[in-house]
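Enquirer: The sequence isn't on hand, but the structure is:
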């Protein structure tokens, strides 16, 4: 019994978008996480160029994963117009048990037509873009719509993946995974959402991005 | 003005230990994060074998980083007896502004003698090991002792790095980074520490590790 989990990776990815869910989902019993290049295996550079994640396969090697996790990053802009990538997403979504995204990965799902008519979320700076793709943007950390789960920016993939782990393997296993990765978050500040951060911090974050 | 941040990576690393801090610290103005193999650059496999992170350099290439972040994973067991690695840690620590660890990375700092007489933390399953290395184990998410900061298991590196980002660049920048990675955690369960998880979940997590 094996659970195939596909995480497409590409130049311009935000590493934590992929690694947060990977760290949770790789601990689900029977799970096999596949990091997949779009066209070929090999190293894929993150958005700031300081790291490469290695893809052991390509999208074509895993056409029917049980779980899709589409991460975000600057690189997704090009993917939204890449018909080969969008065709893989559409075909994989037809047979998947769960189709999920983190951050701007949602924009790729949207470009593939998967979010049409659904509530969805993405990084707070790009929520508006979801409307252009036929979705209803929701400012929430994790949005579930049937088998489609979208998560907000970058770090939210950890929360999304714990929710998904509970669907896949039950609440006990999900909680044991949470304890295994000691996910008892204690950020030193409370500025993780625009609803909580002071206006000056929101402006600073906007300028820096 | 550049801030050199060294993150040693190795076969048997837990990816999130390194990627959590990287995602935060790479956003500090002027920061340059170096992923360093112990002896040589190249792909380093994570603990479960499902991913490789690419080291662009080796420890010897960055002898005097301003910041050291030592991540954990099964692989640290061998590192605790690797005199070349321990010598690098000792020498780098002599000139570093900050020496930090995530999860069992603390055991490598400890084996290098850096935690002697200090309070420190690591993954909850291995807290006892810190005593054998001359440290006083503390069950806390982030422990600061002068320029030495140790973090608990896996995901705690994100909290540690935000604390460190505030030291390096001020609270405003740290808060803007928190908002940039939308770190407003909402785990679906409250089982991230042994103090909160039900006894059966602690036992399950212990058996699974």
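Expert: Nice, I can see it. Bear in mind the structure is a predicted one, so any value in this text is a computation, not a measurement.

Enquirer: now the strands: where do they sit in chain A?
Expert: Assignment of strands within chain A using DSSP state E yields the ranges A:3-8, A:31-37, A:42-45, A:52-55, A:57-58, A:67-70, A:98-102, A:119-120, A:136-137, A:142-145, A:148-151.

Enquirer: Residue B:101: which of those strands is closest?
Expert: The minimum distance between residue B:101 and those falls on strand A:52-55, with 22.3 Å, by Cβ to Cβ. For every residue, glycine as well, the C-beta is placed using N, CA and C.

Enquirer: Each with direction, which strands does the closest one pair with?
Expert: The strands beside strand A:52-55 in its sheet (DSSP bridges) come out as strand A:42-45 (antiparallel), strand B:52-55 (antiparallel).

Enquirer: follow-up on the earlier one: can you lay out the strands of chain A as JSON lines showing mean neighbour count and mean pLDDT?
Expert: Compiled in JSON lines, those are given as follows (neighbours: other Cβ atoms under 10 Å in any protein chain shown; pLDDT from 0 to 100):
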{"stretch": "strand A:3-8", "mean neighbour count": "24", "mean pLDDT": "98"}
{"stretch": "strand A:31-37", "mean neighbour count": "22", "mean pLDDT": "98"}
{"stretch": "strand A:42-45", "mean neighbour count": "18", "mean pLDDT": "98"}
{"stretch": "strand A:52-55", "mean neighbour count": "23", "mean pLDDT": "98"}
{"stretch": "strand A:57-58", "mean neighbour count": "16", "mean pLDDT": "98"}
{"stretch": "strand A:67-70", "mean neighbour count": "27", "mean pLDDT": "98"}
{"stretch": "strand A:98-102", "mean neighbour count": "28", "mean pLDDT": "98"}
{"stretch": "strand A:119-120", "mean neighbour count": "22", "mean pLDDT": "98"}
{"stretch": "strand A:136-137", "mean neighbour count": "18", "mean pLDDT": "98"}
{"stretch": "strand A:142-145", "mean neighbour count": "20", "mean pLDDT": "98"}
{"stretch": "strand A:148-151", "mean neighbour count": "28", "mean pLDDT": "98"}
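
Enquirer: For residue B:193, find the nearest of these.
Expert: Using Cβ to Cβ as the criterion, the shortest distance between residue B:193 and the strands of chain A is 21.3 Å, found for strand A:142-145.

Enquirer: about what we covered before: mind putting the strands of chain A in JSON lines, distance to residue B:180 included?
Expert: Putting the strands of chain A into JSON lines (distance: least, Cβ to Cβ, whole Å) gives the following:
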{"stretch": "strand A:3-8", "distance to residue B:180": "22"}
{"stretch": "strand A:31-37", "distance to residue B:180": "24"}
{"stretch": "strand A:42-45", "distance to residue B:180": "19"}
{"stretch": "strand A:52-55", "distance to residue B:180": "20"}
{"stretch": "strand A:57-58", "distance to residue B:180": "30"}
{"stretch": "strand A:67-70", "distance to residue B:180": "20"}
{"stretch": "strand A:98-102", "distance to residue B:180": "14"}
{"stretch": "strand A:119-120", "distance to residue B:180": "21"}
{"stretch": "strand A:136-137", "distance to residue B:180": "19"}
{"stretch": "strand A:142-145", "distance to residue B:180": "19"}
{"stretch": "strand A:148-151", "distance to residue B:180": "15"}
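
Enquirer: With that, I have no additional questions.
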